[in-house]
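1. let's see this in three dimensions:
(2 chains)
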Amino acid sequence: MSDVTEAVEDAKPTADGVMVDVHGVHKSFGPLEVLRGVDLKVRAGEITVILGPSGSGKSTLLRTINHLEKVNRGWISIDGELIGYRRSGGKLYELKEKDVLKQRTHIGFVFQNFNLFPHLTVLDNLIEAPVSALRRPREEAEETARRLLDRVGLADKADAYPRQLSGGQQQRVAIARALALQPKVLLFDEPTSALDPELVGEVLDVIKDLARTGTTMIVVTHEIGFAREVADTVVFMDGGVVVEQGPPAAVLDDPRHERTRAFLSKVL
Amino acid sequence: MALTADPTAAPPGAASPGADRETRPAPDDPAALEVVPVRHYARWAAAVAVIVLVSQFVHGLATNPVWEWGVFRAYFLSETIVQAVWVTLQLTAYATVLGFLLGTVLAFMRLSGSPVLQTVAWSYIWIFRSVPMIVQLVFWFNLSALYEELGVGIPFGPVLWSVDSNSLIGTIGAAVIGLTLHQAAYAAEIVRGGVIAVDHGQSEAAAALGIPRLRQIRRIVLPQAMRAILPTAGNEVIGLLKGTSVVYVMSIGELFYQVQVIYGRNGRVIPLLLVATAWYVVLTTLLSVAQYYVERHFARGADRTPPPTPLRRARRFVRDLREAAARRDQPVVPPKPLGENR
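-> As a prediction, this is how the structure comes out:
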C-alpha cells in the first residue's frame, strides 16, 4: 500500500486533457504476475487500441481500469478521479463497494461474450442500470434506450430477448447498454472475438461511428485493420508491459521493437 | 401450421391425389410413393398386457368391498377433514415461505466472502440436515422444558423483557418453526446450487454497469438461478406437504392426524387412509401444475421460441388427429416431410 501512496504523491492528474491515466500498475494472480508496471495515458475524445499476444495482460489491464480487478501496485484515475480509492491525508482508503459501483457508472464496459441479461428484453437490458444505479425515471431511461437502439440499428428489436438475436446484434445491444449510462470512457474487451467472421463488420461499424462522435475509447482487439483505420494511438503490450505505443502508422508499419515486429508478422 | 404436412400441397411434379394415379404407371419419383409405416408388434403386445393388468387393478378398486367407498364418500368432504386439509396447507405454506426465505439468506451467507458467515451457515446446514425432522419437532414441542422463558435483553447481561415460551409459541408455532428450520437447511443448498449455476459473467456485467449489489442479486442473479432452483424446489415443497403428516406426533389437527383420530373411533381404517391419500394426491397435483407455470414464467428468454402451453399442445393434438383422419380417407398419402418436429 505504501507504494501506492508514494505514487499518488507525485501524481498530477487532469488539467492536461488526460481522461484515463494508468500509472505504474502491477497485478498478480497468485504467483503469476500479469501486469508488471503499466503506464498509459488516454486523452479525452481519443481512441486507443491495445494489441498484443494472448496472455500479454491486455484484458487484465482493461479490467483494472473499471476496478473489476484490484491492482496490487500503482493507480488509475479517470477524469482526475482515483478509481477504487479515496486519497486523504497521505493515505489511500479503499472505497466501499457502493462507491466503486458509482464510479463504474462513468465507465462503460463491453465484454467479449456480450453478457446481456438473457431473462430481460433488449429494452430492459438497456434501462436496468440507468434506473437502478442512476435513479433516472423510467420514461426518460426508455426514451434514451430507444434512441440508442436506433443508433446501433436495432430499433425494431426493443422487445426481443437477447437469445433471439444474432451474435453481432447482441454485441450491438451490449454497446448500447454501456452507452445508456452516458459514460466518460468506453472500454471494449475483444468485442468481436466471439463473433462469426461475417458479423464482425457490423460491430466494428458501430464502434467506428462512436469514434466519430468523440467518445473516449480503449479497445482491446485483434483487428489490425480496425486499429489502423480508427485508432489515434496504438499500444502494443507483451509480457505485462507496454512495449511500444504511438500513432498507428508508426507502430503498425514501422515498429521499433523486435517483439512488435514478430507479433505483427504473425497476425498480418 | 407451417410445420404440419398439408395433404393438398403435394410437391411439384408429384401425382395429384385421385384419378391421375390410375392412368399413369408407378412414377419413379419416391416422393409420390405410398409410405408404409413400421409395425411395432412387440410394443402392441406389451400395451395389451399392461392394459389388462391395470384394468384388473381398477376393477378391484371398484368392486372389493374392503375399500368401503361409501365411507370414503361420507368423509372426503366432511367438515373435520376439510379443516384438517386447511391446517396441512397452512403448515406447508408457512414452512415453504419462511424456509426458503431463511434458506436464501443462508445460501448467500455461504457464498459471502466472510469466513464467519460461511462457517455459521455451513454449520447450520450440517446440524439441521443431520437431525431427523421428527426428532426436531419433538424437541420444539418440548421447548419450554429447555427454555422456560424467552426474553430480550443485553447479551450475557440482564433480561429486559421476557415471556413464557409455551404461551409465545404454541403447538402450531412449534410445528411451523420445526418444519421451517428443517426446510431452510435444504432450501439453502438448493438456492446456492441455483446461484452457482448462473454464469459468472452475469454478475460481472451487472457490477460493471454499477447496479447496486442487492439489486444485482434480486434482479439479475436470482431470476436466472430460478431455472435451476425450481425443479428441485418443487420436489421439496411436495415433500414438505407430505412431510407435514409427521407433525401428528404433536397432536396437531392436520390431515393425517385427523384421519387417525376418526378411524381410531370407528375402526374404518382403509377408507379413511384412502381419504388422506386422495387429498394428498389432489394437493400434489395442484402443486405440480403450479410448478409448471412458475417454471414457464422464469424460462422467459431462455429459448428462442417458448414452448406451447399444455392447453395449446392439447388443441394441436386434436387438430393433428383430425387431419390424420382426413388424410386416411384420401386415396394417396403424401409422404411427411423429413425432420418434421413439433
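
2. please state the offset of stretch A:114-128 from the chain centre?
-> Stretch A:114-128 sits 19 Å away from the centroid of its parent chain (C-alpha atoms, centre = their mean, to the nearest Å).

3. end to end, how far does it reach?
-> Length of stretch A:114-128, first residue to last, C-alpha to C-alpha, to the nearest Å: 16 Å.

4. pull up the residues of the stretch 1-150 of chain A that are close to chain B.
-> Selection of the stretch 1-150 of chain A residues close to chain B by C-beta under 8 Å from any C-beta of the partner chain yields A:66, A:68, A:97-98, A:101-105, A:107, A:109, A:111, A:113, A:115-121, A:128-129, A:132-134. From N, CA and C alone the C-beta is placed, and that goes for glycine too.

5. okay, and which of these map to helices?
-> The helices, defined by DSSP state H, take in A:97, A:98, A:101, A:102, A:103, A:104, A:128, A:129, A:132 from these.

6. and stretch A:193-200, what's buried?
-> Neighbour-count burial for stretch A:193-200 flags A:195, A:199, A:200 (criterion: 16 or more other C-beta atoms under 10 Å in any protein chain shown).

7. and for stretch B:251-266?
-> The neighbour-count criterion (16+ other C-beta under 10 Å) identifies B:252, B:253, B:254, B:255, B:256, B:257, B:258, B:259, B:260, B:262, B:263 as the buried residues of stretch B:251-266.

8. next: stretch B:78-98.
-> Along stretch B:78-98, these residues count as buried under the neighbour rule (16+ other C-beta under 10 Å): B:81, B:84, B:85, B:87, B:88, B:89, B:91, B:92, B:94, B:95, B:96, B:98.

9. and which of those is nearest to residue B:108?
-> Distances from residue B:108 to the buried residues of stretch B:78-98, taken as C-beta to C-beta, are shortest for residue B:98 (16.3 Å).

10. so what's that closest one up against?
-> Residue B:98 makes contacts with B:176, B:180, B:183, B:184, as judged by C-beta atoms under 8 Å, 6 or more residues apart in numbering or on different chains.

11. again, only using 6 Å
-> Residue B:98 makes contact with residue B:180, according to C-beta atoms under 6 Å, 6 or more residues apart in numbering or on different chains.

12. model confidence over stretch A:72-80, on average?
-> What stretch A:72-80 shows for mean pLDDT is 93.

13. now tell me what touches stretch A:115-132 from outside.
-> Defining contact as C-beta under 6 Å, 6+ apart, one finds that stretch A:115-132 is touched by A:136, A:138, A:141-142, A:145, A:157-163, A:170, A:173-174, A:176-177, A:180-181, B:201, B:205, B:209, B:211, B:215, B:220, B:223-224, B:300-301.

14. ok, now stretch A:133-150?
-> Stretch A:133-150 is contacted from outside by A:105, A:123, A:126-127, A:130-131, A:155, A:158, A:176, A:179-180, B:210-211, using C-beta under 6 Å, 6+ apart.

15. most neighbours among those residues, please name it.
-> Neighbour counts for the contacts of stretch A:133-150 peak at residue A:126, which has 28 neighbours (criterion: other C-beta atoms under 10 Å in any protein chain shown).

16. and chain B, which residues reach chain A?
-> Within reach of chain A by C-beta under 6 Å from any C-beta of the partner chain, chain B has these residues: B:201, B:205, B:208-211, B:215, B:220, B:223-224, B:300-301, B:304.

17. now, of those residues, which are buried?
-> B:205, B:208, B:209, B:210, B:211, B:215, B:220, B:223, B:224, B:301.

18. which one (most neighbours) among the ones in helices among the residues of the stretch 1-150 of chain A next to chain B?
-> Using other C-beta under 10 Å as the neighbour test, those are led by residue A:129, with 27 neighbours.

19. let's see the pLDDT reported for the residue of the stretch 151-268 of chain A found nearest chain B.
-> Distances between the stretch 151-268 of chain A and chain B by C-beta to the nearest C-beta are smallest at residue A:161, namely 3.6 Å. At residue A:161, the pLDDT value in this model is 94.

20. contact partners for it?
-> Residues in contact with residue A:161 (C-beta under 6 Å, 6+ apart) are A:121, B:301.

21. make it 7 Å
-> A:118, A:121, B:300, B:301 (C-beta atoms under 7 Å, 6 or more residues apart in numbering or on different chains).

22. quick check: phi and psi on the closest residue to the last one other than its chain neighbours?
-> Looking back up the chat, that one is residue B:301. Closest residue to residue B:301 apart from its sequence neighbours, by C-beta to C-beta, 6 or more residues apart in numbering or on different chains: residue A:161 at 3.6 Å. Per-residue torsions, residue A:161: phi -90, psi 150 (degrees, to the nearest 10).

23. any regions of chain B where pLDDT drops low?
-> Counting by pLDDT under 70, chain B contains low-confidence ranges at B:1-27, B:144-151, B:163-169, B:304, B:306, B:330-342.

24. the residue positioned nearest the centre of chain A: which element?
-> Chain A has residue A:187 as the residue nearest its centroid, 1.3 Å off, counting by C-alpha atoms, centre = their mean. For residue A:187, the host element (DSSP states H and E) is strand A:185-189.

25. against which helices or strands is the next helix or strand after that strand packed?
-> Next in sequence after strand A:185-189, counting helices and strands by DSSP H and E, comes helix A:197-212. Identification of packing neighbours for helix A:197-212 by 3 or more C-beta pairs under 7 Å, 6 or more residues apart in numbering or on different chains; DSSP states H and E yields helix A:167-179, strand A:216-220, helix A:224-230.

26. quick one: residues in contact with the second one.
-> If I follow you right, that is strand A:216-220. Strand A:216-220 is contacted from outside by A:19-20, A:42, A:44-50, A:58-59, A:62, A:184-190, A:207, A:210-211, using C-beta under 7 Å, 6+ apart.

27. ok and it relative to helix A:197-212, angle-wise?
-> 150 degrees (axes from the mean of the first three to the mean of the last three C-alpha atoms, to 10 degrees).

28. adjacent strands (with direction) for strand A:216-220?
-> Paired neighbours of strand A:216-220 in the sheet (DSSP bridges): strand A:47-51 (parallel), strand A:185-189 (parallel).

29. follow-up on the earlier one: got a markdown table for the buried residues of stretch A:193-200, with distance to residue B:30 and pLDDT too?
-> Shown next, in a markdown table, are the buried residues of stretch A:193-200 (distance: C-beta to C-beta, whole Å; pLDDT from 0 to 100):
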| residue | distance to residue B:30 | pLDDT |
| --- | --- | --- |
| A:195 | 41 | 92 |
| A:199 | 39 | 92 |
| A:200 | 43 | 93 |
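
30. re earlier: between the contacts of residue A:161, which is nearest residue B:48?
-> Nearest to residue B:48 among those is residue B:300, at 43.7 Å by C-beta to C-beta.

31. helix, strand, or coil at the closest one?
-> Taken by DSSP: H, G, I helix; E, B strand; the rest coil, the conformation at residue B:300 corresponds to coil.

32. please apply the same query to residue A:242.
-> At residue A:242 the chain is in strand, as set by three-state DSSP.

33. among the contacts of stretch A:133-150, which two are most distant?
-> Across these, the longest distance by C-beta to C-beta is 25.5 Å; it joins A:155 and B:210.

34. span of stretch A:104-119 from start to end?
-> With C-alpha to C-alpha applied, stretch A:104-119 spans 23 Å between its terminal residues.
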